[in-house]
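> My questions are about this predicted structure, shown below with the sequence.
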Number of protein chains: 2
Amino acid sequence: MNIFNKRVNELRSLMSEAGLDAILTPSVNNVFYYTGLKMLSGDFAFTLISKSGNVDLFVSPLVNYLSLKTAKVHPTTDTKDLKKLLEKHKKIGFDEFGFSVHKFKSLKTKSVRFFPAGDLMRRPREIKDQSEINTIKKAIKITESSLKSVRPAGKTEFQLAEEVECGFRKRGALNAFETIVSAGKRSSFVHYKPQNKKIHKNDVVLVDSGAKFNEYCADITRMFCSKPDKKQKIILEDVLEIQKALIDYIREGVNMKNINNYYKKLLDKKRYQMLHSFGHGLGLGVHEGPFGGELKSGMIITVEPGIYIKGFGGCRIEDDILVKKDKSQTLSSASRSYMNF
Amino acid sequence: MNIFNKRVNELRSLMSEAGLDAILTPSVNNVFYYTGLKMLSGDFAFTLISKSGNVDLFVSPLVNYLSLKTAKVHPTTDTKDLKKLLEKHKKIGFDEFGFSVHKFKSLKTKSVRFFPAGDLMRRPREIKDQSEINTIKKAIKITESSLKSVRPAGKTEFQLAEEVECGFRKRGALNAFETIVSAGKRSSFVHYKPQNKKIHKNDVVLVDSGAKFNEYCADITRMFCSKPDKKQKIILEDVLEIQKALIDYIREGVNMKNINNYYKKLLDKKRYQMLHSFGHGLGLGVHEGPFGGELKSGMIITVEPGIYIKGFGGCRIEDDILVKKDKSQTLSSASRSYMNF
């Protein structure tokens, strides 16, 4: 049995528990996960997975679908045939995250009852198999090689982001998201679009970036600092200490809510504000499941504590973690090497 | 009056015609167009534009919104306050293209009637002002400089795409979309993800790419061919001829439907199949309005005729055109220079 059959079977047993006759999704990552079709974002495609029988893929004839053996391909942008197929079912679960209101309206038919099932169809993606783990490891390796080869001094934030992302491309990957590069005081923004602003010699520089290799994402944040002053040093050390505590705490069975509570406690103890959660699931999407609940062996999550002080600067360190039975395994390598102290 | 006030006023007169009390959008391009806020994709933001009074922007506190003077900023990810504001209105137009079913459900309140108004709020974007035209010209210039500096021979499709896109980055831009590079027979796919496949010496290579500069997109397709054979030459010349005829036909007042009819006629005459429309609007989005109807002075559209022969190969030439009163102006430069014949 190939990997796509296996995934479809897993989804089918979830569908059966939920009493659904079929599942419908237009989202690039779900289509890839269940059929293997690689698309450009914006390409027209719908995957319909019924309780039994075929996986049906309605896809624009402009897309290169020829090698696809995992689904019955309908090369069309006319939704007439898809609607006919939908009408054979009574209860269809649809991807409320992937469907725009407009797209969903164009497919809705009166004879079918539609139920939001985005969470259900994303659930199998939460636990990674060995081949997925290997691909994410490769994306992480590419991210780290690229990060290690760049030099911030004298560049603008935009130029440093360019260097990091072209490094991904040279190593056979794309970027999973728009790289954040924020220097000096600007590192106190959690999200930030790099600007044409010079990085000064003693600036602390936050770089949040990730390669996308064979559709799978890495997500890593590193601090570059050649000469941190006393206050910066304290913040950097505090973040590293908090991250270590979090990673030590993570293993199968721990609830994500408890990790966030623990993260808040660690920040509180040092009188820092909590501006975001401890991390998130990682895979085909840069933010994907698990979105809560107990961690399971085979999940990959990021751990990214951050301290942000308005008008002064910030620090975030982010690593990618594989959850195991009795511990967690850090897939990325030590971040301390970026800091010259 | 600044440019954002001007745009909001234009939208308000459309709202008044449509009998709407307010407009609500979460989409990155619409938020930027009406407020100037630059976001990372995936950032939480909603813009609410009421008939009169403030433009309200609900945005994640993680985003760098500090310099924004065009809207009343509410730094929050809690939708409670937004919902309260929505409830002050009776009829709200919402962006059915930008809202996922999930997001829309989270904001819907019983006391308000919601109407799809995505087209309405995109309409002011169709006509570009001089500063937008200049920015798009710059994006086009960057795209062309990068395309002119690359050499396909000996590279893989993926490597050539890398070279093109890193060229954008080096010139201060991002890429507007994932570059298509398809060599030899594979150029017969209209949409195609570049692969790790070698480009052979005499391959015809299709490159469809565009830089994104200051949020505005270019979209250009060029054919690289050092030694086309007789049949390839005929196809290339035919596409160039068809493109010239289309560009000559385009001016203010011409209906987009008629351009497509004319395009079909030109292809029919030479017995080629029509696989896609003649082109599309271009601006903050790579595919944006006008989506139909009569062209107006100040619109920017692409003209991209293509001929695709399965098992043999294809050809597409795409240029970006500014619609004027009595003619059209090609903003990109001659594509023939890429072809050595």
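Alright, I've got the coordinates. Numbers count the residues shown, from 1 in each chain, chains lettered A, B, ... in the order given.

> Domain parsing of chain A, as residue ranges.
Residue ranges for the structural domains of chain A, counted by automatic domain parsing, are given in the record as A:3-125, A:130-338.

> Any buried residues in stretch A:84-91, and which?
By neighbour count on 16 or more other Cβ atoms under 10 Å in any protein chain shown, the buried set for stretch A:84-91 is A:L85, A:L86, A:H89. In short, each C-beta sits where N, CA and C put it, glycine included.

> Nearest to chain B among these?
If you rank the buried residues of stretch A:84-91 by distance to chain B using Cβ to the nearest Cβ, A:L86 comes first, at 15.7 Å.

> which strands and helices sit next to the helix or strand harbouring A:R12?
The secondary structure element spanning A:R12 is helix A:3-18 (assigned by DSSP states H and E). For helix A:3-18, the contact count by 3 or more Cβ pairs under 8 Å, 6 or more residues apart in numbering or on different chains; DSSP states H and E identifies strand A:22-25, helix A:28-35, strand A:45-50, helix A:118-122 as packing neighbours.

> from memory A:K83 sits against A:K108, does it?
No. With contacts defined as Cβ atoms under 8 Å, A:K83 does not count as touching A:K108, sitting 9.1 Å away.

> So which residues on the stretch 101-250 of chain A come close to chain B?
A:101-102, A:104-105, A:116, A:118, A:158, A:162, A:165-166, A:169-170, A:172, A:174, A:177-178, A:180, A:186, A:189-193, A:196 (Cβ under 8 Å from any Cβ of the partner chain).

> Mark which of the residues you listed are buried, thanks.
Listed as buried from those are A:101-102, A:104, A:118, A:158, A:162, A:165-166, A:169-170, A:172, A:174, A:177-178, A:180, A:186, A:189-193; burial here means 16+ other Cβ under 10 Å.

> rewinding a little: return the subset of the residues of the stretch 101-250 of chain A next to chain B lying in helices.
Filtering these for membership in helices, criterion DSSP state H, returns A:V101, A:H102, A:F104, A:K105, A:G118, A:F158, A:E162, A:E165, A:C166, A:R169, A:K170.

> can you tell me which residues contact A:V8?
Applying Cβ atoms under 8 Å, 6 or more residues apart in numbering or on different chains, we find A:V8 in contact with A:Y34, A:I49, A:V55.

> which stretches of the stretch 201-341 of chain A aren't confidently modelled?
Screening the stretch 201-341 of chain A residue by residue with the criterion pLDDT under 70, one finds the ranges A:334-341.

> can you give me the strands in it?
Along the stretch 201-341 of chain A, counting by DSSP state E, counting those that start in this stretch, strands occupy A:205-209, A:211-213, A:216-217, A:220-224, A:300-303, A:306-309, A:313-316, A:319-323, A:328-330.

> and the nearest residue to A:F168 once chain neighbours are set aside, what are its bridge partners?
Counting by Cβ to Cβ, 6 or more residues apart in numbering or on different chains, A:F168 lies nearest to A:A211, which is 4.2 Å off, once chain neighbours are set aside. On the basis of DSSP bridges, A:A211 takes part in beta bridges with A:N175.

> what angle separates the helix holding A:R12 from helix A:28-35?
Angle, helix A:3-18 to helix A:28-35, by axes from the mean of the first three to the mean of the last three Cα atoms, to 10 degrees: 100 degrees.

> quick one: buried residues of helix A:3-18?
Of the residues in helix A:3-18, those scored as buried under the neighbour-count criterion (16+ other Cβ under 10 Å) are A:F4, A:R7, A:V8, A:L11, A:R12, A:L14, A:M15.

> any chance of the residues you listed in a markdown table, plus pLDDT?
Output for the buried residues of helix A:3-18, formatted as a markdown table (pLDDT from 0 to 100):
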| residue | pLDDT |
| --- | --- |
| A:F4 | 95 |
| A:R7 | 97 |
| A:V8 | 97 |
| A:L11 | 98 |
| A:R12 | 97 |
| A:L14 | 97 |
| A:M15 | 97 |
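
> List just the nearest of the residues you listed to B:M223.
Sorting the buried residues of helix A:3-18 by how near they are to B:M223, with Cβ to Cβ, puts A:F4 at the top with 35.4 Å.
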